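Participant: Build me a structure from this.
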Amino acid sequence: MGELIKVTMPKWGLSMKEGTVSDWIVEEGDEIEKGQEIVEIETDKIANVLESPGSGILQKIVAHSGEVLPVAALIGVITDGAVSDDEISAFIEQENAAAAAAAVDEAPDPLTISKVFEWEGLNIRYIDSEDGEDPLICLHGFGGDKNNWQFNLAALAPNRRVLAPDFPSHGDSAVSAEHSSPLAYAKMVSAMIDQLELGQVDLVGHSMGGLVALLVARESPAKVGALTLLAPAGIGTEINAGYVDGFARANSRNELKALAGQLFADKEMVTRQMVADLLKYKRLDGVGEALVQLAGTLHSGGKQSEDLSSVAQSLPTKIFWGKADEILAVSNCAQLSGVDVEQLECGHQPHIEAADVVNKHLGG
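Facilitator: Residues are numbered from 1 along each chain as shown. Next up, the predicted model:
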C-alpha cells in the first residue's frame, strides 16, 4: 500500500475558524513536490497560497473552489505509490470523522486568548502559548498588531514558547501618545520579560519591531539570546517616509488600500477585510495622534532616525529581507558584516509572504 498524505485547511489566523478554497493551482492526477504551491485559500483577513505537505500525485480534490471549511478539514489527498480508490474513499471518511470528533473535544487554544499585563499604568495585551522552553517574543511593525503573526505562532508553538504583544497605541493595548516611540516600546518589552519571569529570550521583530528588538538588545543585552529581524527598521538609513507618514494620517478606505498594497509583492494579498480592519483601527480615539508622533521618531529628513547595525553585529542575528520591499529597501543591509542576511522573493512582509522559510529558521 502506498502512502496517503492529507492536505488540510490551514490555521493562518489566531482567531481563524474556517477558510474558503479559492482556486486549485494544480489538478487531480498532477505530480507535485513537497513545498509546491497547490491551492489558494482565502480567510476574512488575508488570501494566501497553501504549499503541499508532501510529494506524490494529487489523487483527489476533496474541497472545490468556493467551498468554506473549518480549520483542519480535509481538502485534498496526495498519494505516494499505488493506492486503490477504495483505500482513498476509506481514508477520506476516516479523516472527516476524526476532524468532526476533534472539533467537539477541542480545548481552547492559548493563542486565541488575549492576556494583559500592566506597564506604566497601561494595559498591554498579548498572547502566550504558555508551554515550552526557549521563549520567543514576536514584535510587530508600525500600525500592526499581534495578529500579524498569524502564519507563524501556531507553527512555532509545538516546539517553543511564543509570545506576541500589542505595543501601546496598537491592537488591543491602551492608546497613549506619550508611550508611543521605539524606545518606549523597548522598555515595555523589557518589563514584559521581567514580569512574566521569562529569563533570557529570543526576539523576532518585523519592520519597526526590528528596531524595537535592536533597542532591547542594546539597553538590556543580558535579556536577549538571539535576534531575528524581518525587513527591519534600525538598519541602514533608507526608508519610505511617504508610506510611514501617509499611514499615520490616512483615514479613508481608498488611502489605506493603496498604502497596504505597498506592503506586499503580490498585491492580491490585500483583502477587503484587511482594509476594513485597518480603517476601524485608524478611527479609534487617539490612534491617529499617537501614530503621527510615532512616525516622527522613525525618520527625519527622509532618512531613518537611528542605525543600530552595530547592535546586530554584537550578538547572533539573522535577517530576512524581501527583494521587492517598498518600505525599507534591502540595500539597507549592504554595509553589514558578520550578520547572516537572506534575501527572499517577497515584499515587506517576509513572515507572511515567505512564512515557511521564516518559521523553519525560528523552529517551526
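Participant: from here on, contacts and neighbour counts on C-alpha atoms
Facilitator: OK.
Participant: where in the protein is pLDDT low?
Facilitator: 1, 13-15, 102-110, 364 (pLDDT under 70).
Participant: in the longest helix anywhere in it, what counts as buried?
Facilitator: In the chain, assigned by DSSP state H, the helix with the most residues is helix 85-105. Across helix 85-105, burial judged by 16 or more other Cα atoms under 10 Å covers 88, 91-92, 95-96.
Participant: Pull the most distant pair out of the residues you listed.
Facilitator: Ile88 and Asn96 (12.3 Å; Cα to Cα).
Participant: how about the longest helix of the chain as PDB, C-alpha atoms only?
Facilitator: The C-alpha trace of helix 85-105 is given here as PDB (Å, rounded to 0.1, in the frame of the first residue of the first chain):
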ATOM      1  CA  ASP A  85     -10.000   4.000  -5.000                       C
ATOM      2  CA  ASP A  86     -11.500   2.100  -2.100                       C
ATOM      3  CA  GLU A  87      -8.500   2.900   0.100                       C
ATOM      4  CA  ILE A  88      -8.800   6.600  -0.800                       C
ATOM      5  CA  SER A  89     -12.500   6.700   0.000                       C
ATOM      6  CA  ALA A  90     -12.000   5.000   3.300                       C
ATOM      7  CA  PHE A  91      -9.200   7.400   4.100                       C
ATOM      8  CA  ILE A  92     -11.400  10.400   3.400                       C
ATOM      9  CA  GLU A  93     -14.200   9.000   5.500                       C
ATOM     10  CA  GLN A  94     -11.800   8.300   8.400                       C
ATOM     11  CA  GLU A  95     -10.200  11.800   8.300                       C
ATOM     12  CA  ASN A  96     -13.600  13.600   8.100                       C
ATOM     13  CA  ALA A  97     -14.800  11.600  11.200                       C
ATOM     14  CA  ALA A  98     -11.600  12.400  13.100                       C
ATOM     15  CA  ALA A  99     -11.900  16.100  12.300                       C
ATOM     16  CA  ALA A 100     -15.500  16.200  13.500                       C
ATOM     17  CA  ALA A 101     -14.600  14.400  16.700                       C
ATOM     18  CA  ALA A 102     -11.600  16.800  17.300                       C
ATOM     19  CA  ALA A 103     -13.900  19.800  16.800                       C
ATOM     20  CA  VAL A 104     -16.200  18.600  19.600                       C
ATOM     21  CA  ASP A 105     -13.300  17.800  22.100                       C
END
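Participant: contacts for it?
Facilitator: Contacts with helix 85-105, where a contact means Cα atoms under 8 Å, 6 or more residues apart in numbering, come from 4, 72-74, 77.
Participant: Compare the residues you listed and tell me which has the most neighbours.
Facilitator: Neighbour counts for the contacts of helix 85-105 (other Cα atoms under 10 Å) peak at Ala73, which has 24 neighbours.
Participant: residues contacting that residue?
Facilitator: Contact analysis of Ala73 by Cα under 8 Å, 6+ apart lists 8-9, 96, 99.
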